[in-house]
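**Student:** Prediction below, plus the sequence it came from.
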Amino acid sequence: MPAGLSVGGALGDPSPSHPFRPSRYVPVSAATAFLVGATTLFLCFTCPWLAERFSSSIPLYNTVVFLFTLANFCMATFMDPGIFPRAEEDEDKEDDFRAPLYKTVEVRGIQVRMKWCSTCRFYRPPRCSHCSVCDNCVEEFDHHCPWVNNCIGRRNYRYFFLFLLSLTTHIMGVFGFSLLYILNHTKQLDEVHSGVTMAVMCIAGLFFVPVAGLTGFHIVLVARGRTTNEQVTGKFRGGVNPFTHGCCKNVSHVLCSSQAPRYVGRLRGSKSLQVQPPFLRPQLSEAQLAAKVLDNGIQQSKSSLEAMESQSTDADPPPPPKPEHRYQGLPHTHNEESSLLTEAPPTPSLYKYRPAYSSPGKNHTALTHSSKMTRGDSMTESPSIPLSTGHPSYRSDPSLSGRGGAGWRSGGGGEGGRAGSGGLGGASVLGGRSYPSFTDTLLQSAAASCSSSIRSAHTAHNALGPLLSEGTTSTSYKSLANQTRNGSLSYDSLLTPSESPEFESAAHELSPPRPQAPSSLGTAPLMGYSSPFLSAQQREGSLQACPAPLRPSSNRAFLRPTSPPPSRAPPPLSPRARSLGSPPPGPAPGNTPLGKSLSYTGGAALQQRPTNTGGGTSMPNSTSRQSLANHSTHAHKPGGGVKKVSGVGGTTYEISV
Amino acid sequence: MATEFHNLQELRHSASLANKVFIQRDYSEGTVCKFQTKFPSELDSRIEKTLFEDTVKTLNNYYAEAEKIGGHSYLEGCLACITAYLIFLCMETRYEKVLKKISRYIQEQNEKIYAPRGLLITDPIERGMRVIEISIYEDRGSSGSSSGSSTTSSSGR
């Protein structure tokens, strides 16, 4: 079987967590039965007379059309519609905790929004949509067709379209020739042959209206260069469609383009290349060298940690080597961890709660930095806030942490994510838009350390406020969508560590297949997942018990817990991962005692939930999300209901209103 | 003696994965497969800008060639229709052929240009053609050898 054909939706599921649901196969079985059965009856009972009375080309024609219809039906049913494989963990490390739910991209002059998919863990490319039935993101998603029990997407839209055309033709042919037969046998209607022919006529006539309607609908869509999803959700209503190239080109794109390749289930080339040092380095031009000298280390570049030294005027030892913790199996990270543990002075509990939002490297440098700072280096020696640049650099964070303690260095680090994301969460946090508790924590930590430096950090963060609007079309964040209210809650947990186990249990409630009692929190880190909500003791225990290489996954856990496929190991992401991103309904984390952040869960749930348009079935927990909508204060979409619209041919579409 | 042994071991260089850069798709011309040629800052000190841009531009050209709608793809479509798509069992589609070319090109680029610089390009098809993933490796051996040599020097006193 070449790469072109694959067992797609009808028989197999790329997302292995899908249970077997026989009800999914009823429409496709019925369709197959009607098509094959009726045609066979027609060919056996009606065609012989037609062949001898008129011409033998009639059965031949009908057979050819029937086979063509069947072939397209099979291709539409079994072909992979263009499913995107789940993104690797490393891919979203660039997007920080406060990265926005939507990313805007310009397509031929028109702004198109790309939404973060919490299940698949990437920003959905334009025209891509997540099918709730198949639980996959599909490229150029058209709709999920129950009659073929498969999504219709980029790869199989052509076959679906041709199936509709050929089926319409076939029905018309069968009906017409059956009518011809009946009209010539009006005196022999009690015969078996006539009876069968009349039955076939009835079936054909019955199916003709919806099929022809659907065919006409898709002819219009193809001509306009739209997908069913776009048409039904009214994306380009009154606007310009950036994906159209004119009628002729649209038609040729659908019918004449080369078969698009499959993404899942490809044979991987087993060529492994050895990367051996020493490595070549490019020659730096004089201008570049001059730029580095003048730079003062205020750069966005994550690659050179050496510049971090320049930020602190105290004589610090060189920072630890570059972060490699997110990649497992690297023994020397373990050494770093243990070295940090031995070095860490007895700091107040505030410093121990460093939710690992940003990369572990950042954390470790900060920890080293802060630990060294608190050991007796004067905190007032810290330079002025390097946040004067347009981009909040993670490099600024150690200086912040030096002042404010580890607890909210991570906040800074988290906020100092990609400027491009526009989700300068730090600014948003301190701008008072969300997490008011964070500001309280901030002030408290200020009391614990240099107050002057805190204030200066605060102003610096406020300076980031206007930058928040960069590129963000909504105030919702994909981390919220991914149920990582952990970020805010971590600051709560700084104040009230006792709350954390409760939250942990609530989070665990969300994941029925993975029941972990709160008491087993201590074991959770052993799986490589450490939560910011662990109490001080548990955290210490986790730091010591958990092998270092696994810790980096905790970043991912905080940042974007989603529902990974069960085949993915390690399972650490799962407790939080089975949050609202996945089907199992349950109380949203917002229902936990951490009531302050309730609204954001609601908003988050609202945000990340809805637009699985084109899904043939509605999600059972869409109503619970709607109730959460009441709590939403930052919902980008007002209301937040999910409307079901029935289209032609019996397909239903879910539209978030 | 033991120190020398330690030193020799540390001199054995090895590379470890330090970071990954993701080159995103360029959607300015629609859903045609095209990657951004913007030079990421993480690669600033690792590879020359021109080399990187050449690679990405060549890849973009390959993808454009694969997706081109012309006589070849039209014939392929007709043939497929006529044979009720059974032709796919024996014939490789145009896109797949170009993907093989791309894979060979990436392999060659890795061997010649990127691996010597401690970088590795992952074929975008493995990521659903959403990103080009470039892995950045660091020389782990160099730090070890320095500590080894310092140990030798201290013991030498």
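**Tutor:** Looks like it came in fine.
**Student:** Going by C-alpha atoms from here, please, whenever you check contacts or count neighbours.
**Tutor:** Fine.
**Student:** what mean pLDDT does the longest strand along chain A have?
**Tutor:** The longest strand of chain A (DSSP state E) is strand A:110-117. Averaged over strand A:110-117, pLDDT sits at 90.
**Student:** Run me through the strand neighbours of that strand, direction for each.
**Tutor:** Paired with strand A:110-117 in the same sheet, following DSSP bridges, are strand A:102-107 (antiparallel), strand A:122-123 (antiparallel).
**Student:** Let me have those strands in JSON lines, adding mean neighbour count as columns.
**Tutor:** As requested, those are exported to JSON lines (neighbours: other C-alpha atoms under 10 Å in any protein chain shown):
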{"stretch": "strand A:102-107", "mean neighbour count": "19"}
{"stretch": "strand A:122-123", "mean neighbour count": "21"}
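**Student:** Need those strands in CSV (columns: mean pLDDT).
**Tutor:** Formatted as CSV, the strands paired with strand A:110-117 follow (pLDDT from 0 to 100):
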stretch, mean pLDDT
strand A:102-107, 90
strand A:122-123, 91
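**Student:** could I get the ones you listed as a markdown table with distance to residue A:76?
**Tutor:** A markdown table is the format used below for the strands paired with strand A:110-117 (distance: least, C-alpha to C-alpha, whole Å):
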| stretch | distance to residue A:76 |
| --- | --- |
| strand A:102-107 | 29 |
| strand A:122-123 | 26 |
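**Student:** which residues are contacting the longest helix seen in chain B?
**Tutor:** Longest helix in chain B, counting residues (DSSP state H): helix B:49-67. The contact list for helix B:49-67 (C-alpha atoms under 8 Å, 6 or more residues apart in numbering or on different chains) reads A:257-258, B:32-39, B:94-95, B:98-99, B:102, B:109.
**Student:** Buried residues, it. List them.
**Tutor:** Within helix B:49-67, the residues that count as buried by 16 or more other C-alpha atoms under 10 Å in any protein chain shown are B:49, B:52, B:55, B:56, B:57, B:59, B:60, B:62, B:63, B:66, B:67.
**Student:** The third one and residue B:38, how far apart?
**Tutor:** Translated: residue B:55. Shown here: residue B:55 relative to residue B:38, a distance of 12 Å by C-alpha to C-alpha, to the nearest Å.
**Student:** and what of the fifth one?
**Tutor:** When C-alpha to C-alpha is the yardstick, residue B:57 and residue B:38 sit 11 Å from each other.
**Student:** Centre-most residue in chain B?
**Tutor:** With distances taken as C-alpha atoms, centre = their mean, residue B:121 lies nearest the centre of chain B, 1.2 Å away.
**Student:** which SS class is it?
**Tutor:** With DSSP: H, G, I helix; E, B strand; the rest coil as the basis, residue B:121 sits in strand.
**Student:** hang on, isn't it packed against residue B:136?
**Tutor:** No. With contact defined as C-alpha atoms under 8 Å, residue B:121 does not count as touching residue B:136 (9.1 Å).
**Student:** any idea where the strands of chain B begin and end?
**Tutor:** Counting by DSSP E, chain B has strands at residues B:15-24, B:119-122, B:131-139.
**Student:** what angle do the longest one and strand B:131-139 make?
**Tutor:** Read it as strand B:15-24. Calculated by axes from the mean of the first three to the mean of the last three C-alpha atoms, to 10 degrees, strand B:15-24 forms an angle of 160 degrees with strand B:131-139.
**Student:** Which strands and helices lie in contact with strand B:15-24?
**Tutor:** strand B:131-139 (3 or more C-alpha pairs under 8 Å, 6 or more residues apart in numbering or on different chains; DSSP states H and E).
**Student:** touching chain B at all, stretch A:151-168?
**Tutor:** No. Applying C-alpha under 8 Å from any C-alpha of the partner chain, one finds stretch A:151-168 separated from chain B by no less than 9.7 Å.
**Student:** so where is chain B shaky, pLDDT-wise?
**Tutor:** Judged by pLDDT under 70, chain B has its weakly predicted residues at B:1-13, B:141-157.
**Student:** What are the boundaries of the helices in it?
**Tutor:** For chain B, the helices defined by DSSP H cover B:2-11, B:49-67, B:71-82, B:94-109, B:141-156.
**Student:** Quick one: list the elements packing against the third one.
**Tutor:** Pointing back at helix B:71-82 there. Counting by 3+ C-alpha pairs under 8 Å, 6+ apart, helix B:71-82 packs on helix A:247-256.
**Student:** So the helix it packs on, near chain B or not?
**Tutor:** Yes. Applying C-alpha under 8 Å from any C-alpha, one finds helix A:247-256 touching chain B at A:252, A:253, A:255, A:256.
**Student:** and the third one, how far is that from residue B:84?
**Tutor:** Pointing back at residue A:255 there. Counting by C-alpha to C-alpha, the gap from residue A:255 to residue B:84 is 15 Å.
**Student:** Using ChimeraX, define a selection of the buried residues within the residues of helix A:247-256 next to chain B.
**Tutor:** Of the residues of helix A:247-256 next to chain B, the buried ones go into a single ChimeraX selection, burial set by 16+ other C-alpha under 10 Å:
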select /A:253,255,256
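**Student:** Out of the residues of helix A:247-256 next to chain B, the closest to chain B would be?
**Tutor:** residue A:256 (4.9 Å; C-alpha to the nearest C-alpha).
**Student:** Pretty sure that closest one sits against residue B:72.
**Tutor:** No. Here residue A:256 lies out of contact with residue B:72, judged by C-alpha under 8 Å, at a distance of 9.3 Å.
**Student:** Is it correct that residue B:15 is in contact with residue B:136?
**Tutor:** No. Contact criterion C-alpha under 8 Å: residue B:15 and residue B:136 do not qualify, at 9.6 Å.
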